[in-house]
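Engineer: with the input below, show me the fold.
(chains A and B)
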Amino acid sequence: MTWTATILQHNDDGLTMDVRYDRDGYDPITVGVLLPAVGADLSLHLSTFAPTGTWQWIDDTRTPRELPEIGMVVVQPEPVPQIPAPNPTATMTLEVI
Amino acid sequence: MFDFTRYESFGWIVHQKRMAVGESFIVNIPEGYLPETASNVTLWSKGRVESGLTGKAMLPGDCSASIPRTSGSHTMLAVEDSEFWCINYSANRHRLPIVEVLDVTDSVTLEFDTLVCAGDFVVDGVERSAPLSVSAGKTIEPNGRVLGLSFKGER
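Structural biologist: Got it, this is the predicted structure:
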């Protein structure tokens, strides 16, 4: 997923700014974003506000869907290969060089 | 339950797992499994982990995206202190990258944004160590073997 973010304006609340996220194949999405902390990496800060959930929802609505037959009974599928889910833990953002 | 260190690299959530000797986990491989459509992308970066079903070992540089697996229940046992890096479909909001394994001992200029998972190297004249996100276009000079995952795109 490759997106670009354009800073549109600083808002009157002194806490947020409007940012437009552009991504090929999708209409632009404007998001209210917290102003970054002093010294913060702007690209990493903006990545946390990127509307990935909205894009996923758009993808879901674009997917052709069908109507399974009413009354159909489906057996649980075989488990896919998967390493056990990890304990919830904080995410460490790696330095980017 | 596993204990992972969870990282973010170029927008991808990646879990680093260290396995001590004797530690194990079970992976169930269904009939018809294809590496390129598996729900995880895993790079083995250290040690040796063996399948109790086939005896095959996962070694540094092996990547799940390119290794066929025998169907069945595999108990994966660490016979050495081991480490792997896993990009999970669910953790990444039902997305997975198309990756290329970085496995180098000589200087290389990266074609894609890369998560360096193991090894020491010099970049921009500075000595660095994994893990580190290194942008496309950077030249890394390994000090020994360097392993990583280059993000070529998205499935």
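
Engineer: poorly predicted segments of chain A, please.
Structural biologist: Counting by pLDDT under 70, chain A shows low-confidence ranges at A:1, A:77-89.

Engineer: nope, chain B is what I meant
Structural biologist: Ranges of chain B meeting pLDDT under 70: B:1-3.

Engineer: select the longest helix from chain A.
Structural biologist: The helix that spans the most residues within chain A, counting by DSSP state H, is helix A:52-62.

Engineer: C-terminal to that one, what's the next element?
Structural biologist: Remark: after helix A:52-62, the chain's next helix or strand is strand A:91-93, criterion DSSP states H and E.

Engineer: centre of the chain to that following strand, how far?
Structural biologist: Distance, stretch centre to chain centre, for strand A:91-93: 16 Å (C-alpha atoms, centre = their mean, to the nearest Å).

Engineer: same deal with stretch A:28-47?
Structural biologist: Its chain's C-alpha centre and that of stretch A:28-47 lie 13 Å apart, by C-alpha atoms, centre = their mean.

Engineer: next, the buried residues of the longest helix of chain A.
Structural biologist: Going by neighbour count (16 or more other C-beta atoms under 10 Å in any protein chain shown), the buried part of helix A:52-62 is A:52, A:55, A:58. C-betas here are computed from N, CA, C, even on glycine.

Engineer: swap in stretch B:80-95?
Structural biologist: Buried residues in stretch B:80-95, defined by neighbour count with 16+ other C-beta under 10 Å: B:82, B:83, B:84, B:85, B:86, B:87, B:88, B:89, B:91, B:92, B:95.

Engineer: what sits up against it?
Structural biologist: A:1, A:52-53, A:56, A:82-83, A:85, B:4, B:6, B:12-21, B:39-49, B:58, B:96-97, B:99, B:115, B:117-118, B:149, B:154-155 (C-beta atoms under 8 Å, 6 or more residues apart in numbering or on different chains).

Engineer: hmm, which of those are the buried ones?
Structural biologist: Neighbour-count burial (16+ other C-beta under 10 Å) is assigned, among the contacts of stretch B:80-95, to A:1, A:52, A:82-83, B:4, B:6, B:12-19, B:39-49, B:58, B:96-97, B:99, B:115, B:117-118, B:149.

Engineer: among these, which are located in strands?
Structural biologist: Residues of those located in strands (DSSP state E): B:6, B:12-19, B:40-46, B:49, B:58, B:97, B:99, B:115, B:117-118, B:149.

Engineer: now chain B against chain A: closest residue?
Structural biologist: Going by C-beta to the nearest C-beta, chain A is nearest to residue B:4 of chain B, at 3.7 Å.

Engineer: surely that residue touches residue B:15?
Structural biologist: Yes. Using C-beta atoms under 8 Å, residue B:4 is in contact with residue B:15, at 4.1 Å.

Engineer: can I assume residue B:10 is in contact with residue B:151?
Structural biologist: Yes. Counting by C-beta under 8 Å, residue B:151 is a contact partner of residue B:10 at 5.6 Å.

Engineer: could you measure from the spatially most distant residue from the centre of chain A over to chain B?
Structural biologist: The outermost residue of chain A, judged against the average C-alpha position, is residue A:71 (35.8 Å), by C-alpha atoms, centre = their mean. Using C-beta to the nearest C-beta, to the nearest Å, residue A:71 is found at 27 Å from chain B.

Engineer: quick one, phi/psi of that residue?
Structural biologist: phi 90, psi -10 (degrees, to the nearest 10).

Engineer: which residues does it contact?
Structural biologist: Contacts for residue A:71 (C-beta under 8 Å, 6+ apart) come out as none.
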